Structure formats: structure tokens, C-alpha cells
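Asker: how does the following fold in three dimensions:
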Amino acid sequence: MLLRKRSMDLPRTMHAQPLKMAARVRPLLCIHPHTSVPVVAAFRQKSPSKPSAAKMAASGTEGGASFSAKVIDSHLHVWASPAEAEDKYPYFPGQEPTLPGDVDFLLQCMDEAGVDGALIVQPINHKFDHSLVTSIIKKYPTKFVGCCLANPAEDGSGIEKLEQLVLKDGYRAVRFNPYLWPSGQKMTNEVGQALFSKAGELGIPVGFMCMKGLNLHISEIQELCKEFPSTVVLLDHLAFCKPPLNDEESHAFSELLRLSRYPQVYVKLSALFRVSRMPFPFLDLSDLLSKLVTHFGANRIMWGSDFPFVVPECGYKGAKDAVSLIAEQVPIASSELEWIMGRTVMKLFPNGWL
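Answerer: Here you go, the predicted model:
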């Protein structure tokens, strides 16, 4: 049994059991309802019927893949279908998607996987045109919460736009993409600090996308956290830290763990296919998950799928199931898994999913 320092008092009475993988998981091809494009899904063969999640939680019965709390996806994207793009929601030039990612397809995937709600992150395919995502979060106010994309234009116009997106359109988080900053500029420049400070004033978290590696951006994140401790931080996709194979990667993951000293920092256990070196169910991430829980606590970790990019990798349901399968290797308590699968993100966005 691993001994961990906890940031909260979580029960340790329920533990998931190790799973023999070979006969339990197999791929499935599904068809997108509008495009007839085959996409990969994954499912586990049926096992004997089990009590409901609510009964299991009440009785203390084990079961890593069942949850008494809501299951909320903390990171996914939605973009227009080709017909929607032609009619009303055009793609940003050069950012036309190669995968279906319309809301109807998403809702179908969520229903099949048993996912109750999600945080939609504004996709680069529409860049700073938030009209599509705005229409979706307004149409499904108890299903989706919106995360807008920060515009770090040098004239500072993105600061007022952020305020409008939050106060007028109802967005509740903002993403910092460092590769949208003007050439040679860092997220700690005057505009970046103003955006980060404004997010804190508005009470919305800032998500960081460190696609080219945490080592490139760790000093900026640390500086912003120190300067503006009231602004909550979300690190997308484990800050793009893979199971380390060399000193550089070990340093990056160590820096990720060290960010736990800032109580405002949360980690998204999302886009597992991007950070794992193995195919589904990405079991090489078990050691990373164990260390993350030890340093941050399960109540500062949240699962995310990275739909629709995850669909051809393991299917949407596979993205959800992978977390339970990884957790069983650690193991972590069922109560901790409930935090990761929904309670953490619901704590950050109260009344987001009713």
C-alpha cells in the first residue's frame, strides 16, 4: 500500500482490484451518424451484474468503474459540421478539421459512455470566434460549461473581450495557448499578466496548454502563480508530461509535481493518448497518476477526454474506461476516483451541471 500525503481527508476503505486485461477489452467500430465515417471505440465484455453505483457507495462495495457522483469530462472540443461551417459557423482559414466534432456526435458519444456533462474548450478551428460554442452552452446550460480562448493581442483588446465572454456569454474558464502570443513574447508580458489578473477578478480558472513541453513554460506559470495567487490554474493534459525516459523528461515531471505547492493549481488527467507511450488503456501512466495523487490529492485532479481527437485512438468510452483501468494498477480508492471523474471539476464550477 502506498503511503501518501493528502490535501484532504479521503477514505481508504475501498480499493479497486487488479484487472486481467487480455480477455476484457476489445475494439469496436462505430459509425458517425452524419458522415458515415467509421471510428474506433472500445468496450469491456459484460461481467456479471453488479449493484448500482449509489448502492456500492453506500455499502462500501468495491468497483473502480462505477461512480455515485456525476461523471464530468473536464476537457473536450466541439466544432461545426461542414454544413454548419458553410451556413453559420465558418472555420478559421487553415484550421479546417479532419475529424467530425459536431455537438450531435458528442452527445451520442457521451450518452453511450455514461458521461453526464463536460467543459467545452474553445477549439483552434474557430480560433477567437466563439459563436458556435456560445450557442451550444446556451442551448444545453445544464450539460456544458464553456472555456474560452484568450486573445493575447498586443493592443490589449483581448482583456475586454474576455470580460464580455464571461459576463455576457457565460464562459467560466479561459485557456492560455502560449503559441498564440506575439513572436518573442511570453505569457508573463503586460497583456498576459493583465489577462491572468482579470481571470482572477472574474473568478474563472486559467488553463495552460504546454504542447511543446512544460520545461518551456514552467517559469512563466510559476511567476503568474506567485504574482496572482487568487487565479486558479488548470494544467491541460498532465502539462504534456510523458512517463520520463531521460533527464529532461524527468525534470519536467518533477516540475509538474512541484507546482502542487501552489494551492491554486489543478491537473487535468486528460488526452491520455497524447502523453502515454502505450496503446489503450495507457497503463504506463499508472506511476504518474500515483505520484500526482500523492502530491496534489485526488481533489485537484480531473479527467478529460480531449474529444474528438480521442475517438480514433480508443473511442470516447475508452477514454473514460482507461482511467479506471489505470487506477486499478495503483491502486487508488473508489472515493478518490470519484473526485477525478467528476467531483473535482464540479467543485471548481459549482452549479455547472445540475
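Asker: switch to C-alpha atoms for all contacts and neighbour counts from now on
Answerer: Fine.
Asker: let me see the ranges of the strands in the stretch 101-250 of the chain.
Answerer: 117-121, 144-149, 173-176, 206-208, 233-235 (DSSP state E, counting those that start in this stretch).
Asker: mind putting these in CSV, mean pLDDT, mean neighbour count and distance to residue 93 included?
Answerer: Written out in CSV, the entries for these read as follows (pLDDT from 0 to 100; neighbours: other CA atoms under 10 Å; distance: least, CA to CA, whole Å):
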stretch, mean pLDDT, mean neighbour count, distance to residue 93
strand 117-121, 99, 25, 19
strand 144-149, 98, 26, 17
strand 173-176, 98, 25, 21
strand 206-208, 98, 25, 24
strand 233-235, 98, 25, 28
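Asker: indicate which one of those strands is closest to residue 261.
Answerer: Residue 261 sits nearest to strand 233-235 of all the strands of the stretch 101-250 of the chain, at 12.4 Å, using CA to CA.
Asker: quick one: list the elements packing against that closest one.
Answerer: Counting by 3 or more CA pairs under 8 Å, 6 or more residues apart in numbering; DSSP states H and E, the packing neighbours recorded for strand 233-235 are strand 206-208, strand 265-270.
Asker: adjacent strands (with direction) for it?
Answerer: strand 206-208 (parallel), strand 265-270 (parallel) (DSSP bridges).
Asker: now that strand, how far from the centre of its chain.
Answerer: In terms of CA atoms, centre = their mean, to the nearest Å, the centre of strand 233-235 is set 10 Å apart from its chain centre.
Asker: still on that earlier bit, got TSV for the strands of the stretch 101-250 of the chain, with distance to residue 323 too?
Answerer: What follows is the strands of the stretch 101-250 of the chain, written out as TSV (distance: least, CA to CA, whole Å):
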stretch	distance to residue 323
strand 117-121	16
strand 144-149	21
strand 173-176	24
strand 206-208	21
strand 233-235	17
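Asker: how about residue 301, nearest residue that isn't a chain neighbour?
Answerer: With sequence-adjacent residues excluded and distances taken as CA to CA, 6 or more residues apart in numbering, residue 301 is closest to residue 267, at 4.9 Å.
Asker: where's residue 199 relative to residue 109, distance?
Answerer: 31 Å (CA to CA, to the nearest Å).
Asker: likewise for residue 267?
Answerer: According to CA to CA, residue 267 and residue 109 sit 24 Å apart.
Asker: just want to know which of those two has more residues nearby.
Answerer: For the pair residue 267 and residue 109, the greater number of neighbours falls to residue 267 (27 against 20), based on other CA atoms under 10 Å.
Asker: how close does the more buried one sit to residue 75?
Answerer: The gap separating residue 267 from residue 75 is 11 Å, by CA to CA.
Asker: so what's in contact with the two at the same time?
Answerer: Counting by CA atoms under 8 Å, 6 or more residues apart in numbering, the common neighbours of residue 267 and residue 75 are residue 236.
Asker: what about the closest residue to residue 244 other than its chain neighbours, how many residues nearby?
Answerer: Computed as CA to CA, 6+ apart, the closest residue to residue 244 that is not its neighbour in sequence is residue 250, at 5.0 Å. Number of residues near residue 250 (other CA under 10 Å) recorded here: 15.
Asker: residue 250 against residue 215, yeah?
Answerer: No. Residue 250 is beyond contact range of residue 215, at 10.4 Å (criterion: CA atoms under 8 Å).
Asker: picking that back up, any chance of TSV for the strands paired with strand 233-235, columns distance to residue 303?
Answerer: Supplementary listing: these in TSV, determined by distance: least, CA to CA, whole Å:
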stretch	distance to residue 303
strand 206-208	14
strand 265-270	5
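Asker: how about the helices in the chain?
Answerer: Across the chain, reading from the start of the chain, the helices by DSSP state H fall at 53-59, 82-87, 103-113, 131-139, 157-167, 190-202, 218-227, 247-258, 272-275, 286-296, 311-314, 316-327, 334-338, 344-348.
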